[in-house]
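Engineer: Provide a 3D model corresponding to the input given below.
(4 chains)
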2 protein chains.
Amino acid sequence: MQGFAKKVEAKSLVDAVTERLEEAIIGGELAPGERIREQTLAASLGVSRGPLREAIRRLEGRRLLDRKINFGVRVAELSPQKLDDLLTVREALEGIACRIAADRMSDAEIDEMRRLLDGHAEQREVRSGEGYYVESSDFDFHSRIAASTQNELLTSMVTGDLYDLLRVYRYKSSTMAGRAAQALEEHRAILDALAARDPELAEQSMRTHIRNARKHAKLALEKAAAAAPAAE
Amino acid sequence: MQGFAKKVEAKSLVDAVTERLEEAIIGGELAPGERIREQTLAASLGVSRGPLREAIRRLEGRRLLDRKINFGVRVAELSPQKLDDLLTVREALEGIACRIAADRMSDAEIDEMRRLLDGHAEQREVRSGEGYYVESSDFDFHSRIAASTQNELLTSMVTGDLYDLLRVYRYKSSTMAGRAAQALEEHRAILDALAARDPELAEQSMRTHIRNARKHAKLALEKAAAAAPAAE
DNA sequence: TTAGTGTAAATTGTTGACACTTTATCGTAT
DNA sequence: ATACGATAAAGTGTCAACAATTTACACTAA
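Structural biologist: Numbering: from 1, shown residues only, chains lettered A, B, ... in the order given. This is a model prediction of the structure:
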């Protein structure tokens, strides 16, 4: 048996189409509320309607698409309420993940997290105190904590389904802008609690972090809604 | 417009097949790990493979089915670890739901919950202190709390996807047996916290309740595994 | 004008057939 | 006997056509 670093996994058309659609929705190529015509989309993707419909069923389950019988498929609508709901769910899940991480994360992993945050501190967006926290950096921090729980369900929710949903909002609106510096401080507080092996404090720090993000997003969206009251 | 109490909603074959499969998996008609042949199953359901495959894609997302490319579909395997993971996630979600409920549930709803629990106390299984809490009663209690949050995402996770997953374990093993009396007491403690409008206590009571269920299930499954070590 | 009706076009719902992959079986050579 | 390879069978992956439903539009009547 030869050892390859990364095995090339066979993919079906359904897998490929699912990923492509996911990307299109998150990246805004397909706008929220936009109707999808199966024939048209299938043709433009170069596949038949079969695999496309299967991919759509999957994305329905992830709440990225919405199908009404005998009418068709729409890209999920966004709303401040839905984002608030989503972040409430994330607060609960990431909170308990962080609690568990305080027990299970190894010293080496904690050291590496420390270096990670030091790297983030060098980023332009964070130093200026404005702008976004670089998305991949933020994801890295949160996903390491989730992964350390060794809870496959919890991890896949936080880094998978629920993360995709969050990214839709990240792209469409500047829900997270101007919070980079504070977010880094909160990340540091979380890491300190992990390093102290304090589950209670770890959970509370993470919950505070996400609650703050939620409040910030709420304000940003309300301000945006006031500026352009037409768009529902 | 004439008023009908309940509108008959149009259902596609995919919807019907999804529900039927869900029922079959939860009820044990399809055993964990069992392989599904599309042609055979489609024929026995009286539909073609198209709608069946779409239904399967949905249930994949709910972790009730598992597909390996070019091999086929299997009913999800169970394991003590997976149940533990699931109950950890539920602890987090129902915990925060209960916290929110302490603020949002109306006095009338709380009164009704009280009557609900008084009814449960009369049930044979609870009075004897052994046996299961009647499933629909338990579901009713938990789902009212979730619904009162008015958080659609949270509610649908707790009463939908994650509940179906839990039911698979409920059916296959007596994970919840012999805890009826204690569960009722815990339900009462939760309701007291809600009535007192104490969010912190409400969350803690719910988390304790689910954590106890998790520990109980863990012991039950380990005992079962010790008795029949062959079954993985 | 407006409401209502009926037809045509567009779109989704469903099916059966074909292509490709994997697995099982049998035969052959060592 | 065992390992290897070819072949057949079974099952999944994909597609294109047909059926059913909804929507758009024109036409008619009050």
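
Engineer: does chain B have contacts with the longest helix anywhere in chain A?
Structural biologist: Using DSSP state H, we find that the single longest helix of chain A is helix A:199-227. No. With CB under 8 Å from any CB of the partner chain as the criterion, chain B is not reached by helix A:199-227; the gap is at least 8.9 Å. Just so you know, the C-beta spots here come from the backbone N, C-alpha and C atoms, and that holds for glycine as well.

Engineer: show me which residues of that helix are buried.
Structural biologist: Neighbour counts using 16 or more other CB atoms under 10 Å in any protein chain shown place A:199, A:201-207, A:209-210, A:213-214, A:216-218, A:220-221, A:224 of helix A:199-227 among the buried residues.

Engineer: mind telling me what element the residue nearest to the spatial centre of chain A is part of?
Structural biologist: Nearest to the geometric centre of chain A sits residue A:163, at 2.3 Å (CA atoms, centre = their mean). Assigned by DSSP states H and E, residue A:163 falls within helix A:162-172.

Engineer: quick check: buried residues in whichever strand or helix holds residue A:121?
Structural biologist: Here residue A:121 sits within helix A:107-122, counting by DSSP H and E. Of the residues in helix A:107-122, A:109-110, A:113, A:116-117, A:120 count as buried by neighbour count, 16+ other CB under 10 Å.

Engineer: mind listing what whatever residue of chain A ends up closest to chain B touches?
Structural biologist: At 3.4 Å from chain B, residue A:61 is the closest residue in chain A, using CB to the nearest CB. Residue A:61 makes contact with B:58, B:61-62, according to CB atoms under 8 Å, 6 or more residues apart in numbering or on different chains.

Engineer: coming back round to it: can you list the buried residues of helix A:107-122 in CSV and add distance to residue A:133 and pLDDT?
Structural biologist: CSV is the format used below for these (distance: CB to CB, whole Å; pLDDT from 0 to 100):
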residue, distance to residue A:133, pLDDT
A:109, 21, 97
A:110, 20, 97
A:113, 15, 96
A:116, 12, 93
A:117, 11, 93
A:120, 7, 86
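
Engineer: at the contact with chain B, which residues of chain A appear?
Structural biologist: So chain A meets chain B at A:10-12, A:14-15, A:50, A:53-55, A:57-58, A:60-63, A:69-70, A:82, A:85-86, A:88-89, A:91-93, A:95-96, A:100, A:151-154, A:157 (CB under 8 Å from any CB).

Engineer: emit the PyMOL select command for whichever of those are buried.
Structural biologist: Selection of buried members from these for PyMOL, criterion 16+ other CB under 10 Å:
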select buried, chain A and resi 14+15+53+54+55+57+58+60+61+62+63+82+85+86+88+89+91+92+93+95+96+100+151+153+154+157
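
Engineer: return the subset of the residues of chain A next to chain B lying in strands.
Structural biologist: Counting by DSSP state E, none of the members of the residues of chain A next to chain B fall within strands.

Engineer: can you tell me which of the residues of chain A next to chain B end up in helices?
Structural biologist: Checking these against DSSP H, those in helices are A:14-15, A:50, A:53-55, A:57-58, A:60-61, A:82, A:85-86, A:88-89, A:91-93, A:95-96, A:100, A:152-154.

Engineer: and of the contacts of residue A:61, the nearest to chain A?
Structural biologist: Of these, the one sitting nearest to chain A (CB to the nearest CB) turns out to be residue B:61, at 3.4 Å.

Engineer: any idea how far residue A:208 lies from residue B:208?
Structural biologist: 22 Å (CB to CB, to the nearest Å).

Engineer: on that earlier part again, now the residue lying closest to the residue nearest to the centre of chain A once chain neighbours are set aside: which helix or strand?
Structural biologist: Spatial nearest neighbour of residue A:163, chain neighbours left out: residue A:139 (7.2 Å); criterion: CB to CB, 6 or more residues apart in numbering or on different chains. If you go by DSSP H and E, residue A:139 is part of helix A:135-148.

Engineer: how much space separates the residue in chain A that DNA strand C sits nearest to from residue A:180?
Structural biologist: Across chain A, no residue is closer to DNA strand C than residue A:72, which sits at 3.3 Å (CB to the nearest atom of the strand). Distance, residue A:72 to residue A:180, using CB to CB: 40 Å.

Engineer: over to residue A:22?
Structural biologist: Where residue A:180 is concerned, residue A:22 sits at a distance of 26 Å (CB to CB).

Engineer: likewise for residue A:42?
Structural biologist: 41 Å.

Engineer: which one of the two is surrounded by more residues?
Structural biologist: More crowded of residue A:42 and residue A:180, by other CB atoms under 10 Å in any protein chain shown: residue A:180, with 23 against 18.

Engineer: sorry, back to before: near DNA strand D, from the residues of chain A next to chain B?
Structural biologist: Contacts with DNA strand D within the residues of chain A next to chain B, as defined by CB under 7 Å from any atom of the strand: A:12, A:14, A:50, A:70.

Engineer: residue A:138: what's its closest spatial neighbour, skipping adjacent residues?
Structural biologist: Nearest to residue A:138 is residue A:183, by CB to CB, 6+ apart, at 7.2 Å.

Engineer: ditto for residue A:104
Structural biologist: Nearest one to residue A:104, counting by CB to CB, 6+ apart, is residue A:148 at 5.5 Å.

Engineer: name the nearest residue to residue A:91, ignoring sequence neighbours.
Structural biologist: Closest to residue A:91 by CB to CB, 6+ apart is residue A:210, at 4.3 Å.

Engineer: over to residue A:48?
Structural biologist: Nearest residue to residue A:48, sequence neighbours excluded (CB to CB, 6+ apart): residue A:42, at 5.9 Å.

Engineer: enumerate every residue touching that neighbour.
Structural biologist: A:48-49, A:52.

Engineer: interface residues of chain A facing DNA strand D?
Structural biologist: In this structure, chain A approaches DNA strand D at residues A:12-14, A:47-51, A:70-71, judged by CB under 7 Å from any atom of the strand.

Engineer: closest to residue B:28 out of these?
Structural biologist: Of all the residues of chain A next to DNA strand D, residue A:14 has the smallest distance to residue B:28: 28.5 Å, by CB to CB.

Engineer: hmm, the closest one is touching residue B:57, no?
Structural biologist: Yes. Contact status for residue A:14 versus residue B:57: in contact at 7.2 Å, counting by CB atoms under 8 Å.

Engineer: overlap in contacts, these two.
Structural biologist: A:54-55, A:58.

Engineer: can you lay out those residues as JSON lines showing distance to residue A:28 and pLDDT?
Structural biologist: Listed next are these as JSON lines, based on distance: CB to CB, whole Å; pLDDT from 0 to 100:
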{"residue": "A:54", "distance to residue A:28": "24", "pLDDT": "97"}
{"residue": "A:55", "distance to residue A:28": "19", "pLDDT": "97"}
{"residue": "A:58", "distance to residue A:28": "20", "pLDDT": "97"}
